[in-house]
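Enquirer: the following comprises the amino acid sequence and a computationally predicted model.
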Amino acid sequence: MADGGARIQESEGDGRQENMAAWLVGIENLKIQPYHLPPLGPHDVKVRIKALGICGSDVHHFKHMRCANFIVKKPMVIGHECAGIIEEVGSEVEYLAVGDRVALEPGISCMQCDLCKDGRYNLCRQMKFFGSPPTNGSLANKVVHPASLCYKLPDNVSLEEGAMCEPLSVGVHACRRANIGPETSVLIMGAGPIGLLTLLAARAFGALRIVIVDVDARRLSMAKDLGADETIQVSTDIQDISEDVMKIQSAVPLGIDVTFDCVGVNKTMSMALGATRSGGKVCLIGLAQTEMTLPLTPAAAREIDVIGIFRYRNTWPLCIEFLRTGKIDVKPLITHRFGFSQEEIEEAFKTSAGGGSAIKVMFNL
């Protein structure tokens, strides 16, 4: 099975073009260099990557050589939100064929531990995840990946949309964990890519009312265009928590059932705990701060459940179905596109890191 590692060099004596990838070699230092793939196992496929989006975790790695507790200690191929076309299949692969367009789920779990056997494979301690150190990612011409983690795309779903299944999966997993349904009023903290995709997922799950909060008016305008019932601009000052909570509560007089914090800092989590109705749920999706100081005792006294969200599990089929049927349209979130050259990868990461009008920055390879 492929593990994303650079282990065995491909034979290039038959005239095939050398496989190239974007390697993170230092802080804000990316280099396109050769990437030698592992051999194709019987249950693997070789995929030519055609579309790949930049994630916030990629930007953290790019700027700091770490994301939370995941530290880049040696050069690493970056990227994990991807889709492509199958070029070769292993001898035991029966349900995929050369030429199939597929979206790739980037995490390879051990499938042996108690968590995997219990179906919670996203929590596997042996997880090998594209672009999460020390595992190499998928911003490359080609990758080798288990066929079971490659999902065939319908004809009316583009490769770019296929790549968007990865961040959309975070919102879908969060909505499942929170049991979002037609009687649920939802609050979303943060109108970045994950916040906006959680908005789309919550709407697809039938949420009754969705309010989204951010400090950036441009992001809130995008959220409104995507179907938010209410948008609220708040300050960056942590001293304004009480005032901002009052704004939110006045927008939803019947109360917030579930809050998704897609930022993950002291202020957003404190606001989430304060704005959610008694007996409600707060889901922590964003992981911006490793440690936070929060008013947990008042929240506990109101029986607010705090739910952790880490990546996703078993989400690709539903994401693809949402895209196929048009129940979710991710295309408006793709704001910038770049090719695969040294100059363009540098510009793409600077664009994504700069925020502003950039929501999802996409590579077309």
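Expert: Perfect, thanks for sending it.
Enquirer: what is the burial count for the residue lying closest to Arg203 once chain neighbours are set aside?
Expert: Spatial nearest neighbour of Arg203, excluding adjacent residues (C-beta to C-beta, 6 or more residues apart in numbering): Gly227 at 5.4 Å. The C-beta positions use only the backbone N, C-alpha and C, and glycine is treated the same way. If you count neighbours by other C-beta atoms under 10 Å, Gly227 ends up with 15.
Enquirer: ok, Gly227 - contacts?
Expert: Counting by C-beta atoms under 8 Å, 6 or more residues apart in numbering, Gly227 touches Leu199, Leu200, Arg203, Ile210.
Enquirer: dump those into JSON lines; add secondary structure as well.
Expert: Supplementary listing: those in JSON lines, determined by DSSP: H, G, I helix; E, B strand; the rest coil:
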{"residue": "Leu199", "secondary structure": "helix"}
{"residue": "Leu200", "secondary structure": "helix"}
{"residue": "Arg203", "secondary structure": "helix"}
{"residue": "Ile210", "secondary structure": "strand"}
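Enquirer: nearest to Val265 among the residues you listed?
Expert: Nearest to Val265 out of the contacts of Gly227 is Leu199 (C-beta to C-beta; 19.3 Å).
Enquirer: give me the secondary structure label for the residue nearest to Arg203.
Expert: What three-state DSSP gives for Gly227 is coil.
Enquirer: phi, psi for it please.
Expert: Per-residue torsions, Gly227: phi 120, psi 10 (degrees, to the nearest 10).
Enquirer: likewise Ile194?
Expert: phi -70, psi -40.
Enquirer: looking at it, it is touching Leu287, isn't it?
Expert: No - Ile194 is beyond contact range of Leu287, at 10.4 Å (criterion: C-beta atoms under 8 Å).
Enquirer: who has more neighbours out of those two?
Expert: Using other C-beta under 10 Å as the criterion, Ile194 and Leu287 rank with Ile194 on top: 23 against 19.
Enquirer: so what's that one closest to, chain neighbours aside?
Expert: Cys262 (4.7 Å).
Enquirer: count of residues packed around that neighbour?
Expert: Using other C-beta under 10 Å, Cys262 has 31 other residues around it.
Enquirer: what residues are up against it?
Expert: By C-beta under 8 Å, 6+ apart, Cys262 lies in contact with Ile188, Met189, Gly190, Gly192, Ile194, Gly195, Thr198, Ile285, Gly286.
Enquirer: list the contacts for the third one?
Expert: Looking back up the chat, that one is Gly190. Ile212, Val213, Asp214, Asp261, Cys262, Val263, Thr268, Gly286.
Enquirer: what do you get for the fifth one?
Expert: Neighbour list for Ile194: Gly56, Pro167, Val170, Gly171, Cys262, Ile285, Gly286 [criterion: C-beta under 8 Å, 6+ apart].
Enquirer: that one and Val25: what is the separation?
Expert: Using C-beta to C-beta, to the nearest Å, we find Ile194 at a distance of 27 Å from Val25.
Enquirer: repeat that for the fourth one.
Expert: Gly192 sits at a distance of 27 Å from Val25 (criterion: C-beta to C-beta).
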